Every structure is written in structure tokens, then in C-alpha cells.
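Student: Structure for the following, please:
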Amino acid sequence: QLQLVEYGGGLVQPGGSLSLSCASSGVTLQYYAIVWFRQAPGKEREGLLCIDRANETIIYVDSVKGRVSASRDNAKNTVYLRMNSLKVEDTAVYSCAAGPWCDTQDFDYWGQGTQVAVSS
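Tutor: Residues are numbered from 1 along each chain as shown. Below is the predicted model of the structure:
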């Protein structure tokens, strides 16, 4: 079910950076592992990274290693995704999901996603 909301998408120039937020008014995110996904045009959705309940981050996609990070602000009930040195191939719909642990196949909550376009 959808109870997460992503913010921060938009048009970014190559080499730029983005900061996305995953927030909820009905789910306490600190009790969940949060996975950021992305789906590029014509491609399958891929898990980008996970931040677990202990705030450890696991990055799943080699092409973003060194360029991406995640963090939590429990006071704001928000999880952030930050990416720099953006490339055209980072263009995708980015979404977040909450589950009991990072490698779950059954997420409890999803967001609808936010579009990120990397273009000059």
C-alpha cells in the first residue's frame, strides 16, 4: 500500500546533484529498512540502495557507488537519497519502499515515485 511520498525530483544537468526525500505521515520510518528504487525508461525497476534500521547503507548498483548516499532524519520522519555527478543514464523514476529488512521481497509500504531527468 502507498503511504510514502517522495519529493525532490526534477530536471538536473549532467554533473549536477540531487537530493530526494521519502516521507510519511502515517508510518514511522525509523522502524523500517528503506530501499530506494529507480526505473529508467524502457528498463526494469532496480533496487538502488537500502538504509537499514541501524542506519547502515547497502548499495546495490555498481554504477552509483561513490556517488550516492542515504540518511535518516527521524525527527522529520524522512529518509534522504543524495546523488552527485549525475549522468544522463541516471534519468529514472525514483521511489522508496519500507520493509522489515533490506533483502525483503515483501515491502509494507511504497511511494508513487518522483521523476528525475538528467539532461543539458
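Student: for this structure, what spans make up the strands?
Tutor: Listed in chain order, the strands of the chain (DSSP state E) span residues 2-7, 10-12, 18-23, 33-39, 46-51, 57-59, 68-73, 78-83, 92-99, 109-111, 114-118.
Student: which of the residues in the fourth one are buried?
Tutor: It stands for strand 33-39. Ala33, Ile34, Val35, Trp36, Phe37, Arg38 (16 or more other C-beta atoms under 10 Å). Bear in mind the C-beta positions are built from the backbone N, C-alpha and C, glycine included.
Student: on that earlier part again, what would the strands of the chain look like in a markdown table with mean pLDDT?
Tutor: Formatted as a markdown table, the strands of the chain follow (pLDDT from 0 to 100):
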| stretch | mean pLDDT |
| --- | --- |
| strand 2-7 | 91 |
| strand 10-12 | 97 |
| strand 18-23 | 97 |
| strand 33-39 | 98 |
| strand 46-51 | 97 |
| strand 57-59 | 96 |
| strand 68-73 | 97 |
| strand 78-83 | 98 |
| strand 92-99 | 97 |
| strand 109-111 | 96 |
| strand 114-118 | 98 |
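Student: Neighbours of Thr114, how many?
Tutor: A count of neighbours around Thr114, defined by other C-beta atoms under 10 Å, yields 20.
Student: Farthest pair within the buried residues of strand 33-39?
Tutor: Ala33 and Arg38 (17.1 Å; C-beta to C-beta).
Student: Could you verify my assumption that Ser120 touches Val12?
Tutor: No - at 9.9 Å, Ser120 does not count as touching Val12 under the criterion of C-beta atoms under 8 Å.
Student: how about the nearest residue to Val68, chain neighbours excluded?
Tutor: Met83 (4.7 Å; C-beta to C-beta, 6 or more residues apart in numbering).
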